[in-house]
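# Quick one, what's the 3D model for this:
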Amino acid sequence: MSGPPEDRMAELRQLFFESAGELVQKLNDEAMQLEKSPGNAETARGLRRTVHTLKGDSAACGFRELSELAHEFEDVLALENTASTVLVPEIALRAADVFTGLLEAYRKGTKLPVTKSLRADIARLAHPTPSATAKRTRKKKASNAAAIKTRWSEYEQLAISRAAAEGKKLQHVIVQIDPQCAMPIAGRQMIQFALAGLGELLAIYPAEGSHESANEVEAALASEKSAEQIATKCSIPTVVLDVKVKSLRAESPSDSQHTAIAADALAQAEAAALAGIPSPRAGNIAADVAADIIGTEAMLEGEPAAPVAQPGGPDNLLRVDAERIDSVLNLVGELILAKSMLQQALLEFGQRFPKEVLRGKFADAMAFQGRVLNDLQHSVMKIRMVPVEQLFRRFPRIVRDVGINCGKDVTLAVRGGQTDLDKSILDAIAEPLTHLVRNAIGHGLETAEDRIKAGKPPQGTLRLGAYHQGNQVVIEVSDDGRGIQVEKVRQRALSQGLLKPEQAERLSEAETLELILQPGFSTADEITELSGRGVGLDIVQSVLARLKGTVEIESAPGRGSTFRLRLPLTLAIIRALMFRVERRLYALPLNAVAEIARTVEGEIHQVEHYDVLQLRNDVLPLLRLGSKPPSGPETAQRKVFVLVIHSGERKFGVIVDGLEGEDELVIKALDDQSITTDLVSGASILGDGRVVLILNMIALMERFTRGRADVSGPRMAGLLSSILPMAGEGPTGAGEEARESAGGQV
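Below you'll find the predicted structure:
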């Protein structure tokens, strides 16, 4: 049983919004292709097809402003030689922007953007001179004279389109009835019989049984007979005065008719189902109409109709709301927790009953469950994964517009577009990546004159790349411009009060470059729309911190700069290394740990207020998470572990008391009442009920850099003192509060 009409319309509009964004992006791509290859007929046809689809979909949803604007633009693209005009790509790009604004306004229910200027430009493109306009109008009317008449029903038009798609020979027959005919209605019946004997009668006006007064009969006929044979057969004495036979050109019914046909078909199917009438036609009518519409639109563009995807076929796609996938992923996470609990119970059972026969059966069942659960987890993760190309597709337009605005010739090179990334992460990095691209063009690349003076080609190159590295995805934004002047960054940070002179002297080049990610930092000499390398880049740091990712910056004077974003494949489940600090349990993402070293406190030395360890031939700076133990002979022999962390060119160690091994952790969010520090990004529950806090790598690195730059004394000791009470040693105590908080949130 169907829902109310307004519910069905709301569902239709939701589907429209999902597909309209893709159509607008496709419009951008095709307009830029046409800009690079003016006059390309295939690109022009694709552009017109996209606008036509957007027009029809918006008309079906009742979005009149968008539909009319698309219709006007489609009319322009349909004119001869218009697609080769250099103004078409520019207007198409402007139309894409306006379409985007209209879609956003429709979605949010806000005021529609003004389209008057764009309509005027489209009109000027469509009507360059009055004489040309009149000529095209006459030509269009003459062409439409042999086309399907709108007074034929929608089903008759669809029947004609289907016959054309099947390659049948179509004839347009106009039979004029003799005014002296005594019985015109009977005469029309005789004409219909004559036409039916010549082939397949696809359409006729007036319709059979109609009592409408008409002095002619107009029909669409699929027949292999010649025009002369048809005319001879229809020339009935005392009834027919004249017969005209012409070839018929099939055209698509309007988009509003598509909607009416589909709605009527669905209504018929529903009525038949409710009445209990066994009607195969009613059951398949919606699918038939969909096939007819697809075939008709293909005929409009002069291409063969695309086959309709059958159920279970490779092209059968299903749109699923992301929240539903998140819900399934959350349930998979709970199953992983349950697996850990069962494994812990099995371990205790084996220790208590080492000779029990059931122990082996339990172990086999657990191993089988583990394999199935891993496959299930990977399958759900793949559903959430989308290629990075979906994000990269928007940047050719951004590069073009910013390049024109800055007066620079820029080409964009993209690689690794098929690299998969979690959809939520992909959406989150769109804005940071846009900031990096805009700043690279505005202030990383030089003008053509400056590049020629520097011995470079006049056209600058911006590269976007993505690739997998271990359990991470790396996205790079690089340019072959002037690079970042490290000394200028240092001096600007001093002048803006971000650094003290003593701190600036101790920062390495990599640490100095990261200052451009600080809020409010800018190296611009004057304020413009793109006011300097670093303006707006603080959003990169903040978003990456939220996503548990890192940012690396490399720059070579005169050769360019590279921003490297390292992101986890997903935010839901991680492989983590667990360790103890002062008898409490913590975890770090395993891919952040390069190696593990074992040493004693006596091997750790202080150099300029921070701890260091000589690891092979390198001096490794250390970050101490717990409190520093008192000095003494016993303390010097105390064994500790050092987790070696790599972050770009930087390398430092984290001192921990002991290791607990690695495990797959389901990340649970913690509210602000449970954790008040930025050093913890989440928590997880182990199989034995213990809560493990997952440390935030970004915050640790910031504390490490700040501690090295601060000459007032070491402030690295006891970083976790504020959160130690939260990490309970066992199933009771303060850790119980964290367990309740973590268990109730995802």
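
# tell me which element residue 364 is part of?
According to DSSP states H and E, residue 364 maps onto helix 358-384.

# Now do that helix: distance to the chain's middle.
The chain centre lies 31 Å from the centre of helix 358-384; the measure is Cα atoms, centre = their mean, to the nearest Å.

# Which strands or helices does that helix pack on?
For helix 358-384, the elements it packs on are helix 322-352, strand 420-422, judged by 3 or more Cβ pairs under 8 Å, 6 or more residues apart in numbering; DSSP states H and E. Placement of C-beta: from N, CA and C, glycine included.

# Can you name the next helix or strand after the shortest one?
Once strand 420-422 ends, the next helix or strand along the chain (criterion: DSSP H and E) is helix 423-428.

# For that next one, name the packing helices and strands.
Other helices and strands packing on helix 423-428, by 3+ Cβ pairs under 8 Å, 6+ apart, are strand 385-387.

# So in that sheet, which strands flank the strand it packs on, and in what orientation?
Sheet partners assigned to strand 385-387 using DSSP bridges are listed as strand 420-422 (antiparallel).

# Go ahead and name everything in contact with the strand it pairs with.
381-382, 384-388, 466, 473, 567-571 (Cβ atoms under 8 Å, 6 or more residues apart in numbering).

# Would you pull up how far stretch 419-438 lies from the middle of the chain?
For stretch 419-438, the distance to the chain centre is 9 Å (Cα atoms, centre = their mean).

# Which pLDDT does the model give the residue nearest to residue 480 when sequence neighbours are not counted?
Counting by Cβ to Cβ, 6 or more residues apart in numbering, residue 560 is the residue found nearest to residue 480 once chain neighbours are left out, at 4.3 Å. On pLDDT, residue 560 comes in at 90.

# what do you get for residue 547?
80.

# Please name the residues that touch it.
Counting by Cβ under 8 Å, 6+ apart, residue 547 has contacts 425, 428, 429, 567, 568, 571.

# For the residue nearest the centre of the chain, pull up the helix or strand it's in.
Closest residue to the average C-alpha location of the chain: residue 390 at 4.6 Å, with Cα atoms, centre = their mean. According to DSSP H and E, residue 390 maps onto helix 389-392.

# in the stretch 51-200 of the chain, which spans are helices?
Taking DSSP state H, counting those that start in this stretch as the test, the helices found in the stretch 51-200 of the chain are 64-78, 87-108, 116-126, 130-145, 154-165, 184-196.

# out of those, nearest to residue 632?
Closest to residue 632 of the helices of the stretch 51-200 of the chain, according to Cβ to Cβ: helix 87-108, at 67.0 Å.

# Sort out which residues of that closest one are buried, please.
88-89, 91-93, 95-96, 98-103, 105-106 (16 or more other Cβ atoms under 10 Å).

# got any ranges where the stretch 601-746 of the chain has weak pLDDT?
Within the stretch 601-746 of the chain, the stretches with pLDDT under 70 are 647-650, 669-678, 687, 698-699, 702-746.

# quick one, strands of it?
Listed in chain order, the strands of the stretch 601-746 of the chain (DSSP state E, counting those that start in this stretch) span 605-607, 610-615, 618-624, 639-647, 650-656, 658-666, 680-685, 691-695.

# Out of those, which is closest to residue 360?
strand 658-666 (23.7 Å).

# Could you check that closest one and say which residues are buried?
660, 663, 664, 665, 666.

# of all these, which comes closest to residue 613?
Out of the buried residues of strand 658-666, the member with the shortest distance to residue 613 (by Cβ to Cβ) is residue 660, at 21.8 Å.

# hmm, back to that, enumerate every residue touching the residue nearest to residue 480.
Here residue 560 is in contact with 444, 478, 479, 480, 481, 482, 483 (Cβ under 8 Å, 6+ apart).

# would TSV of the helices of the stretch 51-200 of the chain with distance to residue 324 and mean pLDDT be doable?
Formatted as TSV, the helices of the stretch 51-200 of the chain follow (distance: least, Cβ to Cβ, whole Å; pLDDT from 0 to 100):
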stretch	distance to residue 324	mean pLDDT
helix 64-78	29	84
helix 87-108	20	86
helix 116-126	38	81
helix 130-145	48	46
helix 154-165	36	78
helix 184-196	53	83
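
# Any chance of a markdown table for these, columns distance to residue 371?
Output for these, formatted as a markdown table (distance: least, Cβ to Cβ, whole Å):
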| stretch | distance to residue 371 |
| --- | --- |
| helix 64-78 | 51 |
| helix 87-108 | 44 |
| helix 116-126 | 58 |
| helix 130-145 | 66 |
| helix 154-165 | 50 |
| helix 184-196 | 67 |
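
# Of all those helices, which one is nearest residue 20?
Short answer: helix 87-108, nearest of the helices of the stretch 51-200 of the chain by Cβ to Cβ, at 5.4 Å.

# Show me what that closest one is in contact with.
Residues contacting helix 87-108 (Cβ under 8 Å, 6+ apart): 13, 17, 20-21, 24, 27-28, 30-32, 34-35, 38, 44, 47, 51, 54, 63, 65-66, 69-70, 73, 76-77, 82, 110-113, 115, 118, 121-122, 125, 397.

# Give me the neighbour count for residue 514.
Per other Cβ atoms under 10 Å, the neighbour tally for residue 514 reads 21.

# How much space separates it from residue 86?
According to Cβ to Cβ, to the nearest Å, residue 514 and residue 86 sit 45 Å apart.

# just residue 417 next, same as before
Between residue 417 and residue 86 the distance is 29 Å, computed by Cβ to Cβ.

# Kindly report the same for residue 410.
In terms of Cβ to Cβ, residue 410 sits 20 Å off from residue 86.

# and if you look at residue 72?
Distance from residue 72 to residue 86, by Cβ to Cβ: 20 Å.

# For stretch 112-122, could you pull out the residues that count as buried?
115, 118, 121, 122.

# Tell me if residue 555 really is in a strand.
Yes: assessed with DSSP: H, G, I helix; E, B strand; the rest coil, residue 555 lies in a strand.

# for it, which residues make a bridge with it?
residue 561.

# which residues touch it?
Under the criterion of Cβ under 8 Å, 6+ apart, the neighbours of residue 555 are 483, 484, 486, 513, 561, 562.
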